[in-house]
Every structure is written in structure tokens, then in C-alpha cells.
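A.B. asks: With the input below, show me the fold.
(2 chains)
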Number of protein chains: 2
Amino acid sequence: MQIVVVGSVALDTIRTPFGQAEEVLGGSATYFSLAASLFGSVGIVAVVGDDFPRNYIELLSSRGVDLKGLQTVPGRTFRWKGYYDYDLNTAHTLETQLNVFQDFDPVIPEEYRDAEYVFLANIDPVLQRKVLEQVRGPRVVVCDTMNFWIENRRDELLKTISLVDILVLNDSEARQLAGHPHLISAGRKLLEMGPSRVVIKKGEHGVIMISDGTFFSLPAFPCEEVFDPTGAGDSFGGGFVGYLARSGELGEETMRRAVVYGSVVASYTVEAFSCERLQDLTVEDVERRFSQFMEMTCFSRE
Amino acid sequence: MQIVVVGSVALDTIRTPFGQAEEVLGGSATYFSLAASLFGSVGIVAVVGDDFPRNYIELLSSRGVDLKGLQTVPGRTFRWKGYYDYDLNTAHTLETQLNVFQDFDPVIPEEYRDAEYVFLANIDPVLQRKVLEQVRGPRVVVCDTMNFWIENRRDELLKTISLVDILVLNDSEARQLAGHPHLISAGRKLLEMGPSRVVIKKGEHGVIMISDGTFFSLPAFPCEEVFDPTGAGDSFGGGFVGYLARSGELGEETMRRAVVYGSVVASYTVEAFSCERLQDLTVEDVERRFSQFMEMTCFSRE
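C.D. replies: Numbers count the residues shown, from 1 in each chain, chains lettered A, B, ... in the order given. I've put the predicted structure just below:
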């Protein structure tokens, strides 16, 4: 297994200005793994209830996602219900039912423990560290988080962040965690917390990536039709880490390409509800949009 | 004369979270010409009152800006008073005194009439057309505008826009003028109004440029210290048109570089109040930041 992700597998009920979907496949580990599976082998560490639809299991398997680390326990699967207004950058939560996720205790299957790339999706930072204790010296640990943990588990989160290589989060989270309104200064403060690299997702305004001595700024891929932004951030993570695994390199040029691949996969995710667009996405689709992205952003000196 | 700009020369009173300045040099034609003069010869068509400080005239002259087209008439100079909150993207107007600008009738000096590059800064679209009637077949006409004209002179504005080559405006203006919330679709609608190219400025989120068959997206230069955003848009225009004049080309590659040069000059403008930073900016400063910009945004295929 090249890549391991720990996070949520969920049933989402979503409303956007363009439609709605009920009890559809969602969760951070789901989006991440569907995205990463375009680039390499990926295993999920997560939990679902015994109500989890069989066809969603089959969907993940059919895309090559390894499910040995997906626990099925008695009870109901984690559910999220939310909506977006025309400002599609902001998700409004109507209801979160943790259900079986409440007692989730991540157990990493033996086959996953030598994975070189670990993605700690947005879950309790204590659980994120439990994963790190079980893997054997991964080459790269990438961590996501969200405002809930920043507000309610700050100390635990800082402990986790001090152990990871790359921190991926969105702009408001970066400002909140760093306690600084200016995004680049916030990014610098986050580097002082431990990671050697910080990737800040700005939704429709693109991504910036900062390390000691480097700065990269990429606009968003111009999506003409955004139907449902759910999972864009985790798809970004999957494309980003997936490409790192495929490349095997960790230099600045590779990291930049990983940001572009992450953005490309996310740009597909938002074109349809739930994971619909990711279900039949091909490597060729991704490569084509990478080329378009390059064409849309490149310039040269005279 | 390579470049002619028609617009305002003003005395601004500005407050930002970082300080304030009273009756300082401002106005769209001022910022544009100081920016453009880094690249080529530029003449101003504007009006000031007999109270306009002599040292501001000297400042413009010292930067090589030609003032034959700057009328001085009895009365008070145009004044603008406004402030910015921490959202530095939005200017809040406290007071606009048109003064001598009220009866402004642009007269293009004979030496300006063969200028190849004409910039119609944000003024009454009827006056913008008066300028076009006096010049002799310029190679490129670039036009800016603002929400006031979109709301109050829509028909006149559409007449002017139908006559220009490149429309430059900010994102909210683009949405308002096109009547479409989605920026790229809005840009496409603006192309149907006549211009062959539309440049949409998104402040801290960069710039997009659209023509029939091309799309370019550039993030903003990462300014760590923004003191006063006044004049950023007109400085962008000056850098953009100035570079076109210096280059002499009009292809897509040149247009993209022009967007980068415009963004670079604007990034300097916002680092200090009023035109302070533009007063001693050098071509070397601009070229250095162009290279940094390239370094911060470039990526490649494997």
C-alpha cells in the first residue's frame, strides 16, 4: 500500500442552489481515496455502521480503493446534512450525527503500516496521532483539520501538527489557527508549529503553498459549472498526495505539480453532486485538465 | 507621444487601518501615467483647479509625464475623501467634490492625436467618446469604468464599450455590467458588447483575462504590507498599457506579460499612501518583481 488515509466515510444530505441529494456517499476519507486512487494504491482507515449501503462499498472497491482498514460495526453510519447558498465557498451544517464515528478507534491493518504516504483527514487530532503511532516511519505525513478542532482541541491539534510534514487547510482555518488576519503571515506562523510546508486552500481563489524559502501561488481552475463543493478539499488532498506517491519525488517542482493535480481533481469533484464525477474520472481526464491549467496560467519573459 | 490617458487628477483624503493622508496627489490619470511612464512616453488629458499644488505638477513632470493636455482652470481641484476597513478590497466614499471636473471638456493636444495607445480611465462615457473622436486611429483603445456609470449611464457606457479594444474593470463591475453572477460567464458576455479582450481585476485574488478562444488567470502578487489600495486599479492599467507600448506587440503572450506588469506596478502602489511608492519606482524594481512573480507562479510538467 502506497497511501493510507484516516478519516470519515459518511452519508451526506446536501442542498445547493442547483439541486439536492439525500444520503449519498460522502466523508473525507471517501473523497480523498477516490482522488488518490487515480495515482496510486490507497487504503482507507475509517468506520461505517451496518446500515452502510453495499453499493457504496462496491463503488470504492471498483475504483481500486483498499477497504481492509474500513471497520463495519453495529449501528448507524456517520451522517452529515448541510447546504450551500450562492456563496459556494461556505458550507452550512444543518445536522451532524456522529453515530458509529463517536467511538471510532483507528486500527491500521498490518498491510498498511509501511505506507510511505499518510493523510490524516479532518478528525479528532488525538485519533490522528493514534494513526501515526501505528505506522512505521512514513516518508510524508500530510494533515488536514477544521475550525471545530482549532476551537475545541487546540492543544491536541498543536501536538499533532508538530509531528506532520505538510499541513493542508483552508484560508479561514489558517487565519484562525495562526491568529493572524494576513494569509501569508499566517502561513509563516504555521510553519513555526512544525510542518516543513503549508498548503492553504482558498476555494474559488486558488491555493498558496509556503515552505521556508519558497512561495507558490496558483489560481483556481475556472469551473464554469459548480454544482456541489462538498469534498473539494479532500479531493484536493487526494490528488496532491496521490501525485506525490506517483512521482516518488519531494522537491519544490514536484510539490507544485502536486498542488496543480490536487486542484484539477477538486475541479472535477465540484462539477456534480457527491462523488459522482469522481466515479468515472480517468487519468486521461486529469492529464488533459493539467495541460489546460498550464495553458491558462503560463507566461514568459520576452 | 506613445500613450494618452484621459481621466482625473485629484486631491485625495484617505484613511486606512494603517494611517491617513490629507489632500494628497490622486486621480485615475495620475496613477495611470506614473505607472505607464516606466515603460514609455505618456501624456495626460485632465483638468485641475488653480489651487493645485505646484509640487505635484513638478512630481509628474519629473517622472516624464507630459502635461500639455492638463488644463488648469479657475476653481478648486477635484477632491475625493474615503476610507478602507480591514477588507482593503472595498473603498468607502465619504465625499466626492467634482469642482472643476464638473465642466471638464477633454481637448486632445495636437501632439497627442497620433498616440497609438489610448487609455480611457474611469470618467463619464460621453467624455470617453469625445476623446476617441479627437484621436487619429489609435492602435489600441483600453477602457476602464465603475459602478456609478454602469448604474447611471448604461446606454452611453455601452456605446463607448462598443468602440474599444480592451475593457478593464473589477470583478463586481464585471458582474454588474454583464448582469451575471459567474465571473467567467460575465466576461464572455462583456466580449459580446464589442471589445476583443476583457481584463477583470479581482484585487487580492488576482486577474483574469478573456478573449475569444483564450483564458488567462494570474494570482495577485503576494503583498505582505498593504497600506493603501487607492490607485491600484489605475496603476494596473498604466503598467498594462505601458508594457504594450514598450513591446509593440499585441499577441496573447504579450497581453499576458502586460497583465503581469500591470499587477507588479499595482503591487508597489499599495505599499504606501497615495503615489508615494510610484514616485521613485525604477524599471529595475519592476523587472525584479516580474521575475519573482514568475518564480512564484510557474510550474511544469514532469
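
A.B. asks: Name the nearest residue to the residue in the stretch 51-200 of chain A that chain B sits nearest to, ignoring sequence neighbours.
C.D. replies: Residue nearest to chain B within the stretch 51-200 of chain A (C-beta to the nearest C-beta): A:Ile184, separated by 5.3 Å. Quick note: C-beta positions are derived from backbone N, CA and C, even for glycine. With sequence-adjacent residues excluded and distances taken as C-beta to C-beta, 6 or more residues apart in numbering or on different chains, A:Ile184 is closest to B:Pro222, at 5.3 Å.

A.B. asks: Same question for A:Met209.
C.D. replies: Per C-beta to C-beta, 6+ apart, closest to A:Met209 is A:Phe216, 4.4 Å.

A.B. asks: Please, which helix or strand holds that neighbour?
C.D. replies: strand A:214-218 (DSSP states H and E).

A.B. asks: from the chain's centre, how far out does the longest helix seen in chain A sit?
C.D. replies: Longest helix in chain A by number of residues, with DSSP state H as the criterion: helix A:252-269. Taking C-alpha atoms, centre = their mean, to the nearest Å, one finds the center of helix A:252-269 at 12 Å from the center of the full chain.

A.B. asks: Please apply the same query to stretch A:10-17.
C.D. replies: 17 Å.

A.B. asks: Show me which residues of that stretch are buried.
C.D. replies: A:10-16 (16 or more other C-beta atoms under 10 Å in any protein chain shown).

A.B. asks: Run through the stretch 201-302 of chain A and note the low-pLDDT ranges.
C.D. replies: Across the stretch 201-302 of chain A, nothing is flagged by pLDDT under 70.

A.B. asks: these two touch, right, A:Ser247 and A:Tyr261?
C.D. replies: No - judged on C-beta atoms under 8 Å, A:Ser247 makes no contact with A:Tyr261 at a distance of 9.4 Å.

A.B. asks: Can you give me the pLDDT of the residue of the stretch 51-200 of chain A closest to chain B?
C.D. replies: A:Ile184 is assigned 92 on the pLDDT scale.

A.B. asks: Now for it: which residues touch it?
C.D. replies: Neighbouring residues of A:Ile184 by C-beta atoms under 8 Å, 6 or more residues apart in numbering or on different chains: A:208, A:210, A:215, B:222, B:224.

A.B. asks: Which helix or which strand is home to it?
C.D. replies: Residue-wise, A:Ile184 maps onto helix A:183-192 under DSSP H and E.

A.B. asks: got the angle between that helix and strand A:214-218?
C.D. replies: 130 degrees (axes from the mean of the first three to the mean of the last three C-alpha atoms, to 10 degrees).

A.B. asks: Alpha carbons of helix A:183-192, as PDB, please.
C.D. replies: Provided in PDB are the C-alpha atoms of helix A:183-192 (Å, rounded to 0.1, in the frame of the first residue of the first chain):
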ATOM      1  CA  LEU A 183      -2.700  34.900   5.000                       C
ATOM      2  CA  ILE A 184       0.900  34.800   4.100                       C
ATOM      3  CA  SER A 185       2.000  35.900   7.600                       C
ATOM      4  CA  ALA A 186      -0.400  33.300   8.900                       C
ATOM      5  CA  GLY A 187       1.200  30.600   6.700                       C
ATOM      6  CA  ARG A 188       4.600  31.600   8.100                       C
ATOM      7  CA  LYS A 189       3.400  31.200  11.700                       C
ATOM      8  CA  LEU A 190       2.000  27.800  10.800                       C
ATOM      9  CA  LEU A 191       5.500  26.700   9.600                       C
ATOM     10  CA  GLU A 192       6.800  27.600  13.100                       C
END
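
A.B. asks: Can you give the distance from it to the centre of its chain?
C.D. replies: For helix A:183-192, the distance to the chain centre is 20 Å (C-alpha atoms, centre = their mean).

A.B. asks: repeat for stretch A:134-152
C.D. replies: That offset, for stretch A:134-152, works out to 11 Å (C-alpha atoms, centre = their mean).

A.B. asks: Apart from its chain neighbours, what residue comes closest to A:Leu127?
C.D. replies: In space, A:Leu127 is closest to A:Pro106, 5.7 Å off (C-beta to C-beta, 6+ apart).

A.B. asks: er, A:Leu158 actually
C.D. replies: Among residues not flanking A:Leu158 along the chain, A:Met193 sits closest, at 6.3 Å (C-beta to C-beta, 6+ apart).

A.B. asks: Determine the number of other residues adjacent to that neighbour.
C.D. replies: Applying other C-beta atoms under 10 Å in any protein chain shown, we find 16 residues neighbouring A:Met193.

A.B. asks: which residues does it contact?
C.D. replies: With C-beta under 8 Å, 6+ apart, A:Met193 has these contacts: A:158, A:161-162, A:167.

A.B. asks: Near chain B, which residues of the stretch 51-200 of chain A are found?
C.D. replies: Neighbours of chain B within the stretch 51-200 of chain A, by C-beta under 8 Å from any C-beta of the partner chain: A:86, A:181-182, A:184-185.

A.B. asks: ok, A:Ser247 and A:Tyr261, which is more surrounded?
C.D. replies: A:Tyr261 (28 against 18).

A.B. asks: which ones are touching that one?
C.D. replies: A:39, A:239-240, A:242-243, A:286, A:290.

A.B. asks: Where helices are concerned, which of these count?
C.D. replies: A:239-240, A:242-243, A:286, A:290.

A.B. asks: which residue is nearest the centroid of chain A?
C.D. replies: A:Asp234 (2.2 Å; C-alpha atoms, centre = their mean).

A.B. asks: Can you tell me which of the residues of the stretch 51-200 of chain A next to chain B is closest to A:Lys202?
C.D. replies: Nearest to A:Lys202 among these, counting by C-beta to C-beta, is A:Ile184 at 11.8 Å.

A.B. asks: ok, now how distant is that closest one from A:Ser211?
C.D. replies: Computed as C-beta to C-beta, to the nearest Å, the A:Ile184 to A:Ser211 distance reads 13 Å.

A.B. asks: again with A:Val135
C.D. replies: A:Val135 is 23 Å from A:Ser211, by C-beta to C-beta.

A.B. asks: Please look at the residue nearest to A:Met209 and B:Met296 and confirm they touch.
C.D. replies: Yes - taking C-beta under 8 Å as the definition, A:Phe216 is a contact partner of B:Met296 at 6.3 Å.

A.B. asks: Which of the contacts of A:Ile184 are buried, as a ChimeraX select command?
C.D. replies: The ChimeraX selection below is limited to those of these classed as buried (16+ other C-beta under 10 Å):
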select /A:208,210,215 /B:222
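
A.B. asks: any chance of the contacts of A:Ile184 in JSON lines, plus distance to A:Lys202 and secondary structure?
C.D. replies: Below are the contacts of A:Ile184 laid out as JSON lines (distance: C-beta to C-beta, whole Å; DSSP: H, G, I helix; E, B strand; the rest coil):
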{"residue": "A:Ile208", "distance to A:Lys202": "7", "secondary structure": "strand"}
{"residue": "A:Ile210", "distance to A:Lys202": "13", "secondary structure": "strand"}
{"residue": "A:Phe215", "distance to A:Lys202": "14", "secondary structure": "strand"}
{"residue": "B:Pro222", "distance to A:Lys202": "12", "secondary structure": "coil"}
{"residue": "B:Glu224", "distance to A:Lys202": "17", "secondary structure": "coil"}
